[in-house]
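Engineer: structure here, sequence nowhere to be found:
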């Protein structure tokens, strides 16, 4: 295949493979639109190719990929993807709402309390409206699957988070919400506690009623009443999830494309991880333009205006783009060093089946022994890269 | 169609699309296109991205107060002045800012900071989903009503969130039982549905997944919100020279050149790579045309990974050219 990246790329497949071979938890994070879902699935596939039992949690897969992984029919429950590998590959599509429901059922006193919570309007909106909730549910699912004992490694694809911090802050953010002091005070039924609300608080409540309608305050109070007694369980669970996220065995893989806007976001993300004392385990740069000429090669001369001249121009143009891209992610690679950097060449189209994932895995980790001499994709039917 | 006339069809333009398709770039290019024909433009950013300023050669985040990005300086010393003809200004609107201003406008400035800092806003926003978005859109409506610029370009959040963003007002209308917030939502819905005031400009890349998602979300926005789609922008469009069809060996023979084996191989590989990509671009663009019958504004793929003022001008020129090529009757929607 000609469109494999040349040796000049700073790829270290051996140590990248170590991430797939040794980690028990892999969190793929990075900006939206760079192919995070594909890369997550590829890490899980590679683990399976190395004989491990792997499960990938996808958040928002493209429909055709979801179809071929078989996750769409059964959200929130892992399904096995069968293929020619010694280990196991399972995939699950996250359903935040159901995950939250399951949490509520787990920590509710009884079926009545769970039902009351689930019927509340504030609760029903929580997953979609409270920023960070979807992120937290992805992490919650990760925690649940990791603890199930059914998998050697769980890979989680993260939602396209606008604020990189949401991911790590999500568990705390939800518990803070649940512990909102103002509303907790409101729940106390005595006159005394109402008096205890200071003037500023009363003004706040008046404001809310005035702007949004008095029912809103009532809805919120009902919600916190229904939740009464469950905060402790939730809080403990959130702490356990936070510990898992901070565990040194949890590998964070930063995924980006070589475009400067994506790189900027990825860099921001790596920086934030660093501030939390978390070091990225790997950087994956997806959709890199391949380089066609050997480094330092002298481009042949062609008569001006000839077809050959146009073809040589095309070569030069593509090589220039490849060169610019290589230079563009050098800074990020240095920031995450000594973490390995993996590169996936741009081949043309989205990954929408398992053979597409295999092609990406080959590019990222090196071809599996049995697939080493497989032919490249036919022209126009490129198999990578989403 | 005349560029000025096209841009003046509505005052508010919402640039929408999936993450990674270049929304911010297209937002900037649309602003530059309009400013080039003498319109005053205000760009509104919703997320604290740094991309917009860089595009205009002024890196750094844009704040709540409007900052000039390009064009003639404001007339006089009035800081609150609106952008003069041919200028592009930008400001960032966050839900918290919009809420604080809303509360201040309603004489509640004293409690407003605390409302945000105490976390009560989170509770309220959850009880009334969409309130944050409605507040932001309400502020946009206020700017539109005040005619602060000939064109107001809104860099919408990535799809998924863009859907919620634009459907928030109609959703809130169904849910809210009264109060000024409901009125705000009604005003926003009215703005979104009026093609003489507001249009949505979906942006896509000529690739499979972005095209599918654009077709799906654009139709949904039309049906659910009743927005008017101005055109669809195909970012990263490319065409190649006819010579790409000619195998390298033949081209070399015809040119009377003998190529080194490595060169023959490299040129041929680059040719095949380019052809394959052009074929995919062609397929996706025609599929887009079939599934989303809207005029297409094709903007070229630039070889550079970053977009600066020079690249922006190239994109704006391409956009003006594409608008120019639209039939005058293109917009009958």
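Structural biologist: Cool, the structure landed. Being a predicted model, the structure only gives us computed values, none of them experimental.
Engineer: mind listing the strands for chain B?
Structural biologist: With DSSP state E, the ranges of strands along chain B come out as B:12-17, B:41-45, B:67-70, B:88-92, B:151-158, B:198-204, B:232-237, B:296-300.
Engineer: quick one: closest of the ones you listed to chain A.
Structural biologist: strand B:151-158 (5.5 Å; CB to the nearest CB). C-beta here means a position set from N, CA and C on the backbone, and glycine is covered the same way.
Engineer: give me the distance from that closest one to the chain's centre.
Structural biologist: 5 Å (CA atoms, centre = their mean, to the nearest Å).
Engineer: center of chain A - which residue?
Structural biologist: residue A:158 (2.0 Å; CA atoms, centre = their mean).
Engineer: any idea how many residues pack against the closest residue to it other than its chain neighbours?
Structural biologist: Residue nearest to residue A:158 in three dimensions, not counting chain neighbours: residue A:29, with 4.8 Å by CB to CB, 6 or more residues apart in numbering or on different chains. Residue crowding around residue A:29 was assessed by other CB atoms under 10 Å in any protein chain shown; the count is 27.
Engineer: correct me, but residue A:29 touches residue A:269?
Structural biologist: Yes: between residue A:29 and residue A:269 there is a contact under CB atoms under 8 Å: 6.0 Å.
Engineer: and stretch B:251-267, average pLDDT?
Structural biologist: Summarised as a single mean, pLDDT over stretch B:251-267 is 93.
Engineer: low pLDDT regions in chain A?
Structural biologist: A:1-14, A:61-64, A:72-73, A:129, A:131, A:160-167, A:181-204, A:211-212, A:347-350, A:368-386 (pLDDT under 70).
Engineer: nearest spatial neighbour of the residue in it that chain B sits nearest to, chain-adjacent residues omitted?
Structural biologist: Per CB to the nearest CB, the residue of chain A with the smallest distance to chain B is residue A:33, at 2.0 Å. Once flanking residues are discounted, residue A:33 sits nearest to residue B:20: 2.0 Å by CB to CB, 6+ apart.
Engineer: need the contact list for that neighbour.
Structural biologist: A:31, A:32, A:33, A:34, A:257, A:259, A:262, B:205, B:210 (CB atoms under 8 Å, 6 or more residues apart in numbering or on different chains).
Engineer: excluding sequence neighbours, find me the nearest residue to the last one.
Structural biologist: What it means is residue B:210. That would be residue B:204: by CB to CB, 6+ apart, it lies 4.6 Å from residue B:210.
Engineer: residues contacting that neighbour?
Structural biologist: Contact analysis of residue B:204 by CB under 8 Å, 6+ apart lists B:17, B:18, B:21, B:210, B:211, B:213, B:214, B:232, B:233, B:234, B:235, B:288.
Engineer: give me the nearest residue to the first one, chain neighbours excluded.
Structural biologist: Once flanking residues are discounted, residue B:17 sits nearest to residue B:203: 3.7 Å by CB to CB, 6+ apart.
Engineer: same check, this time on the last one
Structural biologist: On the basis of CB to CB, 6+ apart, the spatially nearest residue to residue B:288 that is not a chain neighbour turns out to be residue B:211, at 5.0 Å.
Engineer: distance check, the one you found against residue B:286.
Structural biologist: Relative to residue B:286, residue B:211 is positioned 10 Å away (CB to CB, to the nearest Å).
Engineer: who has more neighbours out of those two?
Structural biologist: residue B:211 (22 against 11).
Engineer: ok, residue B:93 to residue B:141 distance?
Structural biologist: Using CB to CB, residue B:93 is found at 12 Å from residue B:141.
Engineer: so which of these two has more stuff around it?
Structural biologist: residue B:141 (22 against 19).
Engineer: list the contacts for that one?
Structural biologist: B:187, B:188, B:191.
Engineer: buried among those? Need that as a selection in ChimeraX.
Structural biologist: Selection of buried members from the contacts of residue B:141 for ChimeraX, criterion 16 or more other CB atoms under 10 Å in any protein chain shown:
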select /B:187,188,191
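Engineer: could you check how far the residue lying closest to residue B:112 once chain neighbours are set aside is from residue A:180?
Structural biologist: Taking CB to CB, 6+ apart, and ignoring the residues beside it in sequence, residue B:112 has residue B:103 as its nearest neighbour in space, at 3.8 Å. The gap separating residue B:103 from residue A:180 is 19 Å, by CB to CB.
Engineer: residue A:118 too?
Structural biologist: Where residue A:180 is concerned, residue A:118 sits at a distance of 20 Å (CB to CB).
Engineer: pretty sure residue A:153 contacts residue A:27?
Structural biologist: No: at 11.5 Å, residue A:153 does not count as touching residue A:27 under the criterion of CB under 8 Å.
Engineer: now do the helices in the stretch 151-300 of chain A.
Structural biologist: Per DSSP state H, counting those that start in this stretch, the stretch 151-300 of chain A carries helices over the ranges A:164-178, A:181-187, A:191-196, A:199-212, A:214-227, A:231-246, A:260-275.
Engineer: format those as CSV; extra columns: distance to chain B and mean neighbour count.
Structural biologist: Formatted as CSV, the helices of the stretch 151-300 of chain A follow (distance: least, CB to the nearest CB, whole Å; neighbours: other CB atoms under 10 Å in any protein chain shown):
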stretch, distance to chain B, mean neighbour count
helix A:164-178, 6, 21
helix A:181-187, 6, 17
helix A:191-196, 16, 10
helix A:199-212, 5, 17
helix A:214-227, 5, 20
helix A:231-246, 14, 16
helix A:260-275, 4, 20
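Engineer: format the ones you listed as a markdown table; extra columns: distance to residue B:151.
Structural biologist: Compiled in a markdown table, the helices of the stretch 151-300 of chain A are given as follows (distance: least, CB to CB, whole Å):
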| stretch | distance to residue B:151 |
| --- | --- |
| helix A:164-178 | 32 |
| helix A:181-187 | 42 |
| helix A:191-196 | 51 |
| helix A:199-212 | 31 |
| helix A:214-227 | 36 |
| helix A:231-246 | 44 |
| helix A:260-275 | 23 |
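Engineer: now do the longest helix seen in chain A: everything it contacts.
Structural biologist: Longest helix in chain A by number of residues (criterion: DSSP state H): helix A:307-328. Residues from elsewhere that reach helix A:307-328 (CB under 8 Å, 6+ apart): A:8-9, A:258, A:260, A:263, A:288-293, A:299-300, A:302-303, B:240-241, B:243-244, B:246, B:248, B:250-252, B:254-255, B:257, B:266-267, B:270-271, B:273-274, B:303-306.
Engineer: in PyMOL, select just the buried ones from these.
Structural biologist: The PyMOL selection below is limited to those of those classed as buried (16+ other CB under 10 Å):
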select buried, (chain A and resi 9+258+260+263+288+289+290+291+292+293+300+302) or (chain B and resi 243+244+246+248+251+252+255+257+266+267+270+271+273+274+304+305+306)
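Engineer: chain A contacts on the stretch 201-333 of chain B?
Structural biologist: Neighbours of chain A within the stretch 201-333 of chain B, by CB under 8 Å from any CB of the partner chain: B:207-209, B:212, B:240-241, B:243-244, B:246, B:248, B:250-252, B:254-257, B:259-260, B:262-263, B:265-267, B:269-277, B:279-280, B:303-307.
Engineer: so which of these are in helices?
Structural biologist: When DSSP H defines the helices, the subset of these inside them is B:208-209, B:212, B:248, B:250-252, B:254-255, B:262-263, B:265-267, B:269-277, B:279-280.
Engineer: show me the shaky parts of the stretch 101-250 of chain B.
Structural biologist: Filtered on pLDDT under 70, the stretch 101-250 of chain B yields the residue ranges B:110-111, B:115-116, B:121, B:127, B:129, B:158-162, B:174-178.
Engineer: just the strands in the stretch 51-200 of chain A please.
Structural biologist: According to DSSP state E, counting those that start in this stretch, the stretch 51-200 of chain A carries its strands in the segments A:53-58, A:79-81, A:88-93, A:153-157.
Engineer: quick one: contacts for the closest residue to residue B:130 other than its chain neighbours?
Structural biologist: Among residues not flanking residue B:130 along the chain, residue B:168 sits closest, at 3.2 Å (CB to CB, 6+ apart). By CB under 8 Å, 6+ apart, residue B:168 lies in contact with B:129, B:130, B:131, B:132, B:133, B:134, B:137, B:185.
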